[in-house]
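> fold the following and give me the result.
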Amino acid sequence: MSRVGKKPINIKDVQITKSNGSIKVKGKLGELEMKVHPKISVNVEGGELVVTRPDDQKENKALHGLTRALLQNMVTGVTAGFTKTLNIVGVGYKAELKGSNLFLNIGYSHPIYFQPPKEIKIEVPTPTQIVISGMDRELVGLVAAKIRSFRKPEPYKGKGIKYSDEIIIKKAGKTAGK
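Residues are numbered from 1 along each chain as shown. I've put the predicted structure just below:
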């Protein structure tokens, strides 16, 4: 049995509704919905959400753990939410908010404007730090990856946009030879 899939999900402070193949999770931050594969069954048992599979086929094992992990992310998202922090490294590189849009000046000849999805909240506590938050873990990660892709950190000086917990291993530059 899947080690991830067999753990029950605690659904305190969350409302779960099941309807024809999809599950809605509603909490204090909002509501998320997901379609569940027909082979996987999800049941509410005494304040816990239990995910089960019909047999031990390889596909069903994979779906079992995946479904449980996605449901856990939904429950965590509607109760606490998710955040990602990006750091900007480089002389003159900065970010600022203009309304709900993100304005980036990261060494190109033109500024970059990024309009986030309406479900995502972006904050800029300092000009070199961006905090992305929301209740959908996948969407928060996608937005963070998109912003990072505008100027990935380069390996020689470490300039660019990086995750706050990312470690950039710097390469040695050229050496003058005679």
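
> for the chain, what are the low-confidence residue spans?
Low-confidence regions of the chain, defined here as pLDDT under 70, cover residues 1-2, 176-178.

> now with 50, please.
Within the chain, the stretches falling below the threshold (pLDDT under 50) are 1.

> for it, give the strand that spans the most residues.
Taking DSSP state E as the assignment, the strand of the chain that covers the most residues is strand 82-89.

> contacts for that one?
The set of residues that contact strand 82-89 without belonging to it, under C-beta atoms under 8 Å, 6 or more residues apart in numbering, is 76, 94-95, 104, 106, 127-137, 140-141, 143-144, 147-148, 153, 158-164. (Each C-beta comes from the backbone N, C-alpha and C, glycine too.)

> can we see that at 7 Å?
With C-beta atoms under 7 Å, 6 or more residues apart in numbering as the test, strand 82-89 has contacts from 94-95, 106, 128-134, 137, 140-141, 144, 147-148, 153, 158-164.

> for burial, what's the neighbour tally of L102?
Using other C-beta atoms under 10 Å, L102 has 22 other residues around it.

> cool, and the one 10 residues further on?
I112 is surrounded by 14 other residues when neighbours are defined as other C-beta under 10 Å.

> look at R148 and give its secondary structure.
For R148, the reduced secondary structure class is helix; criterion used: DSSP: H, G, I helix; E, B strand; the rest coil.

> then L142?
helix.

> spit out the contact partners of it.
The contact partners of L142, by C-beta under 7 Å, 6+ apart, come to none.

> this structure: strands as residue ranges?
Counting by DSSP E, the chain has these strands, from start to end: 9-10, 15-19, 22-26, 31-35, 41-44, 48-52, 82-89, 94-98, 101-105, 112-114, 121-126, 129-134, 160-163.

> dump those into JSON lines; add distance to N60 as well.
As requested, these are arranged in JSON lines below (distance: least, C-beta to C-beta, whole Å):
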{"stretch": "strand 9-10", "distance to N60": "19"}
{"stretch": "strand 15-19", "distance to N60": "19"}
{"stretch": "strand 22-26", "distance to N60": "18"}
{"stretch": "strand 31-35", "distance to N60": "17"}
{"stretch": "strand 41-44", "distance to N60": "11"}
{"stretch": "strand 48-52", "distance to N60": "10"}
{"stretch": "strand 82-89", "distance to N60": "28"}
{"stretch": "strand 94-98", "distance to N60": "45"}
{"stretch": "strand 101-105", "distance to N60": "42"}
{"stretch": "strand 112-114", "distance to N60": "40"}
{"stretch": "strand 121-126", "distance to N60": "37"}
{"stretch": "strand 129-134", "distance to N60": "31"}
{"stretch": "strand 160-163", "distance to N60": "34"}
